[in-house]
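In: Just need the structure, nothing else, for what follows:
(chains A and B)
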2 protein chains.
Amino acid sequence: MVRKHSGDFHWQDVDVLEYKQDGAAPFRDVTRQVLFDSSDPPAQLRYFEVAPGGYTTLERHEHVHAVMVIRGRGQCLVGDRAYDIATHDLVDVPPMTWHQFRAAGDEPLGFLCLVPSTRDRPQMPGEEEVAGITRPLKK
Amino acid sequence: MVRKHSGDFHWQDVDVLEYKQDGAAPFRDVTRQVLFDSSDPPAQLRYFEVAPGGYTTLERHEHVHAVMVIRGRGQCLVGDRAYDIATHDLVDVPPMTWHQFRAAGDEPLGFLCLVPSTRDRPQMPGEEEVAGITRPLKK
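Out: Now for the predicted structure:
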C-alpha cells in the first residue's frame, strides 16, 4: 500500500526506465519512472528526471500533459514561449502544442507528468522547423 | 501554461478550499486545492494539507486514491495497517478500503491525490466500528 521514497528520487518497487524506447527522437540525459498506472482514471503518473544540461524531446501530440516540478529547476518551452520553472511549479501543455523541458546547467529538473493511458504518439518537427520553434528558449 | 508555486504550498490561480463541503464528516485542520482538473484522462489531481495534529475523515469508497506526499510527514491508515509516511512516499488506497491520513504533531502533512472525475461518495463507519478500524494507529 505504501512504497517508500528511498532517497534521491528513487522509490521502492519502481524501475528507472529509459526515457524513450525507440531512440529515434533526440533528447539528452532523461530517465522515466512510472509511479502510478491506473485503470480508473485511465491514466499514468510518471516521474521524469532531466540531468543538469539535459533536455527532453521537442514534440507535440493531441494528449495533454499535467506537470508538477518536484526537483530542481530549469526551463520549459510551451508553444511560443519559454518559462523558467522551479520546484512545485505547475505546467499545462495543451493539445498539439510544441513543448520541451530543459534542466538548468547546474541542477537536475525532476517533474511529475500525468497522461491518459491511451494516447497518440508524439510528432516531431522537421529539421528546418526546429530553430523557429525553439527561438523563445534563446531569448 | 505555467502556474508558479508562490511559496508555502500555494499556487498562482489555485484556490484554497475547504476539505469537505458538507460538514457532516469528522476531520480536523485540512485544506484542499485542485491543481489539475482534466477531461482526458477524466481525473483530478488535488493537493491536501493537514495541519500538525490534524487528520482527514476516516472513510472508504469504490474509487482508488493514488497519493504522493510532497510536504512533511505523518501516518496513514490503509486497511488493517498504519504506515509512517514522509515526503515523496507513495500510497495506493484500493477500492473499499478504510483509510485516513494524519499529520505529525509538529509538522504538516501535504500530499497529492489523484482521483477519477466521476467517483462514488465516501462511506463512513458507524460510531461503534471506528475503534476497531483505527486500532492499528494506536500501536
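
In: which residues of chain A fall in strands?
Out: For chain A, the strands defined by DSSP state E cover A:2-3, A:5-7, A:10-11, A:17-18, A:28-39, A:42-55, A:65-78, A:81-86, A:90-93, A:99-103, A:109-116.

In: and the fourth one, how far out from the chain's middle?
Out: Looking back up the chat, that one is strand A:17-18. Averaging C-alpha positions (C-alpha atoms, centre = their mean, to the nearest Å) puts strand A:17-18 13 Å from its chain's average.

In: who touches it?
Out: Contact with strand A:17-18 is made by A:Thr31, A:Arg32, A:Gln33, A:Val34, as judged by C-beta atoms under 8 Å, 6 or more residues apart in numbering or on different chains. In this view, the C-beta of every residue, glycine as well, is placed from N, C-alpha and C.

In: still on that earlier bit, and the strands of chain A as CSV, adding mean neighbour count, mean pLDDT and distance to B:Val64?
Out: Formatted as CSV, those follow (neighbours: other C-beta atoms under 10 Å in any protein chain shown; pLDDT from 0 to 100; distance: least, C-beta to C-beta, whole Å):
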stretch, mean neighbour count, mean pLDDT, distance to B:Val64
strand A:2-3, 16, 98, 14
strand A:5-7, 13, 96, 20
strand A:10-11, 17, 98, 18
strand A:17-18, 12, 90, 23
strand A:28-39, 16, 95, 7
strand A:42-55, 20, 96, 11
strand A:65-78, 22, 98, 18
strand A:81-86, 16, 98, 29
strand A:90-93, 21, 98, 23
strand A:99-103, 22, 97, 28
strand A:109-116, 23, 98, 15
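
In: would a markdown table of those strands with distance to B:His61 be doable?
Out: Converted to a markdown table, the strands of chain A look like this (distance: least, C-beta to C-beta, whole Å):
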| stretch | distance to B:His61 |
| --- | --- |
| strand A:2-3 | 19 |
| strand A:5-7 | 26 |
| strand A:10-11 | 25 |
| strand A:17-18 | 32 |
| strand A:28-39 | 15 |
| strand A:42-55 | 18 |
| strand A:65-78 | 23 |
| strand A:81-86 | 34 |
| strand A:90-93 | 26 |
| strand A:99-103 | 35 |
| strand A:109-116 | 21 |
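
In: right, so of the ones you listed, which gets closest to B:Gly79?
Out: B:Gly79 lies closest, by C-beta to C-beta, to one member of the strands of chain A: strand A:2-3, at 11.1 Å.

In: what does the closest one rub up against?
Out: In contact with strand A:2-3 (C-beta under 8 Å, 6+ apart) are residues A:Trp11, A:Gln12, A:Asp13, A:Val14, B:Cys76, B:Val78, B:Tyr83, B:Ile85, B:Asp89, B:Leu90, B:Val91, B:Asp92.
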